[in-house]
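**Q** Build me a model from this:
(one chain, ligands or ions: 2)
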Amino acid sequence: MAELQLRDIRKSFGSFEVIKGVSMDIRTGEFMVFVGPSGCGKSTLLRLISGLEEITSGTLAFDGEVVNQLAPSRRGIAMVFQSYALYPHMNVFDNMAFGMQLAGKDKEHCRKRVEAAAEMLQLTPYLKRLPRQLSGGQRQRVAIGRAIVRDPTVFLFDEPLSNLDAALRVATRIEIAKLHRSMHNTTMIYVTHDQVEAMTLADRICVLRDGLVEQIGTPLELYESPNSIFVAGFIGSPK
Ligand code: ADP
Ligand code: MG
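**A** Ligands and ions are numbered 1, 2, ... in the order given. Here you go, the predicted model:
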């Protein structure tokens, strides 16, 4: 369970304010998509939620508990990035099991979780392969698998499909939608610049602009009633 509350979150790098007062609630199990132009602060916002960057001011709470000072490893969050940083010398199984092994989980536990994740992502035939023996799409699925085995309550994706070609993007997008349906109560926050991804995956879309929320709503709400030309431009409807 993780309902996220962001209250007037701000982030500065030196004197440069990047996130300028963002507030929103993200419901347990919700699929929230962040869109917005390059440099508007999408990745920074994910990193603040994950704890990889420290919040300058404002509060971030999970289920009512303020987590501003909580270490990333204790937030129950898993993050998948655009570039799937797999360990090149480890096979798929070990890439997925490594984090659990570090955390001291026993062998049997690791095996079960990796096998379940591999099954979910159709990676079972590839467990013994090295990353270089996989396609880009398969590698990205391993990166997602590595996050799944940690059983996160919140899943963060930062443009996970943008390095894939068009056909693989569609296939992997469908996998992610399935994953969300099968992981009940897992909250997902997903950054993309692809309108189709946003419209098809999102329960709600948050349009960010220059460190602020421009509009939040369901895909249909944003499509039918964009509150600015800027939003319409991102969602693809005329205004
Ligand atoms: P987006 O993901 O929407 O493209 P980012 O969150 O990566 O945007 O970056 C938002 C702004 O913050 C950019 O102007 C970027 O240069 C700046 N920024 C991001 N990280 C840092 C950092 N560690 N130090 C200084 N500036 C940063
Ligand atoms: Mg980014």
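
**Q** so what's the closest residue to residue 205 other than its chain neighbours up against?
**A** Nearest residue to residue 205 in three dimensions, chain neighbours excluded: residue 33, at 4.9 Å (CB to CB, 6 or more residues apart in numbering). Bear in mind the C-beta positions are built from the backbone N, C-alpha and C, glycine included. Residues near residue 33 by CB atoms under 8 Å, 6 or more residues apart in numbering: 189-192, 197-198, 201-202, 204-206.

**Q** could you dump the residues you listed to a markdown table with neighbour count, distance to ligand 1 and pLDDT?
**A** Below are those laid out as a markdown table (neighbours: other CB atoms under 10 Å; distance: CB to the nearest ligand atom, whole Å; pLDDT from 0 to 100):
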| residue | neighbour count | distance to ligand 1 | pLDDT |
| --- | --- | --- | --- |
| 189 | 24 | 13 | 97 |
| 190 | 26 | 13 | 96 |
| 191 | 25 | 7 | 96 |
| 192 | 23 | 11 | 93 |
| 197 | 25 | 15 | 92 |
| 198 | 23 | 14 | 94 |
| 201 | 22 | 18 | 96 |
| 202 | 22 | 17 | 97 |
| 204 | 17 | 18 | 98 |
| 205 | 27 | 15 | 97 |
| 206 | 24 | 12 | 97 |
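
**Q** doesn't the residue nearest to residue 205 fall inside a strand?
**A** Yes. Assessed by DSSP: H, G, I helix; E, B strand; the rest coil, residue 33 belongs to a strand.

**Q** quick one: residue 107 from residue 38, how far?
**A** From residue 107 across to residue 38, the span is 44 Å (CB to CB, to the nearest Å).

**Q** More neighbours: which of these two?
**A** residue 107 (10 against 7; other CB atoms under 10 Å).

**Q** quick revisit: tell me which of the contacts of residue 33 fall in helices.
**A** 197-198, 201 (DSSP state H).

**Q** Please, where are all the strands along the chain?
**A** Assigned by DSSP state E, the chain shows strands spanning 4-13, 16-26, 31-35, 57-62, 65-66, 77-80, 154-158, 187-191, 204-209, 212-217.

**Q** Can you add distance to residue 133 and give these back as a markdown table?
**A** Converted to a markdown table, the strands of the chain look like this (distance: least, CB to CB, whole Å):
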| stretch | distance to residue 133 |
| --- | --- |
| strand 4-13 | 38 |
| strand 16-26 | 38 |
| strand 31-35 | 32 |
| strand 57-62 | 38 |
| strand 65-66 | 43 |
| strand 77-80 | 21 |
| strand 154-158 | 25 |
| strand 187-191 | 28 |
| strand 204-209 | 37 |
| strand 212-217 | 42 |
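
**Q** hey, least reliable of the ones you listed by pLDDT?
**A** The minimum mean pLDDT among the strands of the chain belongs to strand 77-80 (a mean of 89).
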